[in-house]
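1. After the sequence you'll find the predicted model.
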Amino acid sequence: MKFYADLHVHSKYSRATAKNLDLENLYVWAQLKGIHLVGTGDFVHPVWMKELEEKLEPAEEGLFKLKDKYAKSMDAQVPKACQAKVRFMLTVEISNIYKRLDKVRKVHNLIWSPSLEAAQKVQAKLGAIGNIKSDGRPILGLDSRDLLEIALEADPKNIFVPAHIWTPWFSALGSMGGFDSMKDCFADLTDHVFAVETGLSSDPLMNWRLKQLDPFILVSNSDAHSPSKLGREANIFDTEFSYSAIYQALFDQNDKGLVGTVEFFPEEGKYHYDGHRLCHVRWHPQETTKNKGLCSVCGKPVTVGVMARVEELADRQPGQKSKRHRPYWSAVPLPEVIGEARGVGPASKAVQEAYRKMLTQIGNEFYILLDAPIDQIRRLAGEVIAEGIDRMRKGEVKIAAGYDGEYGTVEIFKDGERQKIEQQLALF
Amino acid sequence: MQTLSGLNDSQWKAVCHTGAHLLIVAGPGTGKTHTITRRIAHMIPSLKPNQKVLAITFTNKAAQEMQGRLLALGVPLNKALVGTFHAFCLKLLRDHWQETALPKDFKVAIPQDIQGFDKAVLERIGLMKSTRLVIEGDNEYKTYQRYLRKNNWIDFDDILREALALLENEDIAHQVRACYRHIFVDEYQDTNIIQNALLKILTQEGTLLTAIGDPNQSIYGFRGGNVALFGRFKDDFPGVRELTLQENYRSASNLLAASCQVMGGLELLAKLDAKGKLVTHEAASDAAEADYVTSQIEKMVGGMDMLSARGAYRSLGDIAILYRLNAERHVIGQALEHLGIPYQVSQKVPKPAGYSDEAVLGQFEEELDYNVEKVSLLTLHAAKGLEFPVVFIIGCEAKLLPLDIHAMKGDPQEERRLFYVGMTRAREHLYLTRARRRQLFGQTWFNPPSPFLADIEEDLKVYENSKPRRGPRKSEEAEKQQLKLF
């Protein structure tokens, strides 16, 4: 069975997340986005764990569903065309802050668990060494390697995935808080890591440039802090719908269960280029080199982004592929495409109305972005939006790259182009 | 020779000194342990096969550390006995129980064992046991000792007193001296007169004593530590040579200068290039003080949320928050808890069931968990011997430093030394914070700044004041609500 999975999300108990980030809204938004399997996020948090125990029930092996009594009341919010079954998998992200080799390291890591018991064991172990009650993504002064050991001790079937591995401040390979290799980070236990998350600011093409990443399969998730951000990136599986099958697809070098990933255009991510957000300095890595890494406004070192960091660690020419490579599809969130087509912001009322209408008439967002026939979109959503999606699928988008925490901005249409397309249409 | 490399002039002199007792006065960060371990290693080759070195440390943890260092210097473990006074004396009592008045299976009682005695009475007896060589005519003491003996117990203080009685047996004293030709005592400023008496017996017949310590760091007077013994050293151990280590390798120069000013113009030489930063901060209340401290920690560690990482280069284990009284911990602990900043409070080492001698010996020690990095919350006393890149001393207020609050009063000189010990824990950043209003022991206190702060030259201090609060705090809001009820 082919299904989409987003396995890095948070709950309302994490810092800086939406108040409505609960199971019910994840259930709704997973359907709108076209996601069949969504992470619970934050399972270490005691109150959230209580909610999981209360509202979920076992479904397929290692997966959970929202109990009918909670699901029913939400179903009205999901257009018929999007309705589908949604399953949950137990996931959590940990923020590790520690000193290693005389440098402060800040690495975010994901743990996925096959059962409530396994998750509870992880929870108990982490609860014994730190504060897990204040933040759904707890901060622990624990070495990433030791966290991995704890996860494996709790249950050997736990899956451990270094999160958004290129983010400068908070990741295994990040320019500011990371290591130069996975081996430096996970030492003797490196072999127990078999998947890494690319994050929004890098795509598989960039990751293939490092031979050291060859043993790992690349996964992609949204890291959503609100329900509507689900599925910004996702994994496409074609395998049995169960935890074991997912484990196998990630673990087994020869398994083809992971078909590929849906990706952001990496330029759209918050840390693609280098620069200083507050100084409005956005630099391509070459410009950073020219300026010796120092900001032209404040004189301090700029935040080195993902593109530069990949280049620094790369040992392959661009375009070469790793052995475990999978295809990927670059997409722009549908509200942004609609906004571009209309020449207004993605959060505007007009865009939200058009978005809802498309979900109702055509189907879920992934279907619209990746699979729906352009003709159908044209008929139901108009020429400009259809053209926008077509260009996006062909990669014909221009993006002002993100830098130092600022998202990149997508440009699909040049000034005046929209009118031209509409006018052409009016001629017929 | 390895034992003589990496020493400065005075350290080298201390390591190589021979032929007489030695007193090393070593200020904070002057390489005390470095020097003493090198000196031990340097002496080992001159020992005969049946001779050993006895090295006495202040805590079991310090003993473990010293053993580690000695091993690294190639000292065979059978040539050096390293342990606390209590560990050494208990070993003597076990080895020679037949010569003592104790039964073979005597046990060391822990406080939980003792039933039916008032806490104040036990404290008085404890202080007496560590400050008086002879105790006569005290009925409570007699009753208590009979109670212990009836149960085949001795208490923690008795370990030393019984060993002292044992060593009055000249045969045994001779045997011990013949074995231990060199005795080293760390943290000499915190020894009491019983320990002093033990050392006087052990250092006859040519056994030599090396004592190292810092009278300015003597902070255990309240439980019998006697800094006056430092001044009496020449009389107790005739022929002593005295050396001073003054070069400080720990603290940035501004921090060291400020610490010396608090001690009335001490002379220590800063060997680090960095100036460091000493910040003083006055907050409106203990809650505001806690907010200030946690916001500084968030700033320097970063990573509490995605946007605050800039310029952050500290890790959690780099930071300590020190206070005079455990009661001050509550507010700051809650603030850290609320923000999800991992922290640890030093804990007495848990005692395993069916406790052994080893467990008993460790019972009064506080230990930090080093497997996981956390911000450390410690009393100034518990911070002794530790060091951190960043130190906050909260509650720098009159009544707390020096302590004179709620029927607790410290010796003013010892309080000053305690503050000095706290300050000298910092390597790079030292924050001295205070609150104008503080809740303690169910009362609100309005305390002026600690008088110690005024002894620090203004030029060394950076003043940082908190941003005005956006709205009233919840607790204040609740307070108002409560007032309305009346």
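-> Noted; the coordinates are in hand.
2. what ranges do the strands span in the stretch 51-200 of chain B?
-> B:52-57, B:80-84, B:107-108, B:153-154, B:180-185 (DSSP state E, counting those that start in this stretch).
3. what residues are up against the closest residue to chain A within the stretch 201-350 of chain B?
-> In the stretch 201-350 of chain B, the residue that lies nearest chain A is B:G340 (3.5 Å; CB to the nearest CB). Just so you know, the C-beta spots here come from the backbone N, C-alpha and C atoms, and that holds for glycine as well. B:G340 makes contact with A:15, A:131, A:134-135, A:138-139, B:304 under the criterion CB atoms under 8 Å, 6 or more residues apart in numbering or on different chains.
4. What's the ChimeraX syntax to select whichever of those residues are buried?
-> Only the buried entries of the contacts of B:G340 go into this ChimeraX selection, using 16 or more other CB atoms under 10 Å in any protein chain shown:
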select /A:15,131,134,135,138,139 /B:304
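5. Need the worst-confidence member of the contacts of B:G340.
-> Of all the contacts of B:G340, B:M304 carries the smallest pLDDT score, 60.
6. for stretch A:146-153, what is the average pLDDT?
-> 96.
7. Return the distance of that stretch from the chain's centre.
-> 23 Å (CA atoms, centre = their mean, to the nearest Å).
8. got a list of contacts for that stretch?
-> With contact meaning CB under 8 Å, 6+ apart, stretch A:146-153 is reached by A:94, A:96, A:109, A:111, A:122, A:125-126, A:140, A:142, A:158, A:160, A:186, A:189, A:192-193, B:371-372.
9. try it again with 6 Å
-> Contacts to stretch A:146-153, defined as CB atoms under 6 Å, 6 or more residues apart in numbering or on different chains, come from residues A:94, A:96, A:109, A:111, A:125, A:158, A:160, A:189, A:192.
10. Could you give me the buried positions within that stretch?
-> For stretch A:146-153, a neighbour-count test (16+ other CB under 10 Å) marks A:146-151 as buried.
11. How about stretch A:269-278?
-> A:269-277.
12. Would you map the strands across the stretch 201-350 of chain B?
-> Using DSSP E, counting those that start in this stretch, strands in the stretch 201-350 of chain B cover B:208-213, B:241-245, B:247-248, B:269-270, B:277-285, B:319-323, B:343-345, B:347-348.
13. Please convert those strands to CSV, extending it with mean neighbour count and distance to chain A.
-> As requested, these are arranged in CSV below (neighbours: other CB atoms under 10 Å in any protein chain shown; distance: least, CB to the nearest CB, whole Å):
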stretch, mean neighbour count, distance to chain A
strand B:208-213, 24, 29
strand B:241-245, 17, 27
strand B:247-248, 20, 22
strand B:269-270, 18, 22
strand B:277-285, 19, 18
strand B:319-323, 26, 10
strand B:343-345, 20, 8
strand B:347-348, 12, 13
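14. re earlier: what separation do you get for the residue of the stretch 201-350 of chain B closest to chain A and A:V47?
-> 14 Å (CB to CB, to the nearest Å).
15. do the same with B:L166
-> Computed as CB to CB, the B:L166 to A:V47 distance reads 60 Å.
16. How about the residues of the stretch 51-200 of chain A by chain B?
-> A:97-99, A:104, A:106, A:129-131, A:134-135, A:139, A:141-142, A:169 (CB under 6 Å from any CB of the partner chain).
17. and those as CSV, adding secondary structure?
-> Shown next, in CSV, are those (DSSP: H, G, I helix; E, B strand; the rest coil):
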residue, secondary structure
A:I97, strand
A:Y98, strand
A:K99, strand
A:V104, strand
A:K106, strand
A:I129, helix
A:G130, coil
A:N131, coil
A:S134, coil
A:D135, coil
A:I139, strand
A:G141, strand
A:L142, coil
A:W169, coil
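18. Are any of the residues you listed buried, and if so which?
-> A:97-99, A:104, A:106, A:129-131, A:134-135, A:139, A:141-142, A:169.
19. Enumerate the beta-bridge partners assigned to the closest residue to chain B within the stretch 1-150 of chain A.
-> Closest contact between the stretch 1-150 of chain A and chain B, by CB to the nearest CB, is at A:G141 (2.8 Å). Judged by DSSP bridges, the bridge partners of A:G141 are B:E373.
20. What are the neighbouring residues in contact with it?
-> A:G141 makes contact with A:97-98, B:316, B:342, B:372-374, according to CB under 6 Å, 6+ apart.
21. and with 8 Å instead?
-> Per CB under 8 Å, 6+ apart, neighbours of A:G141: A:96-98, A:130, B:315-317, B:342, B:372-374.
22. same check, this time on B:F85
-> Per CB under 8 Å, 6+ apart, neighbours of B:F85: B:56, B:160, B:191, B:195, B:198.
23. now swap in A:W329 and tell me
-> So A:W329 contacts A:260-263, A:370 (CB under 8 Å, 6+ apart).
24. could you dump these to CSV with pLDDT, distance to chain B and neighbour count?
-> Listed next are these as CSV, based on pLDDT from 0 to 100; distance: CB to the nearest CB, whole Å; neighbours: other CB atoms under 10 Å in any protein chain shown:
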residue, pLDDT, distance to chain B, neighbour count
A:G260, 97, 28, 17
A:T261, 98, 23, 25
A:V262, 98, 23, 24
A:E263, 97, 20, 23
A:L370, 97, 29, 16
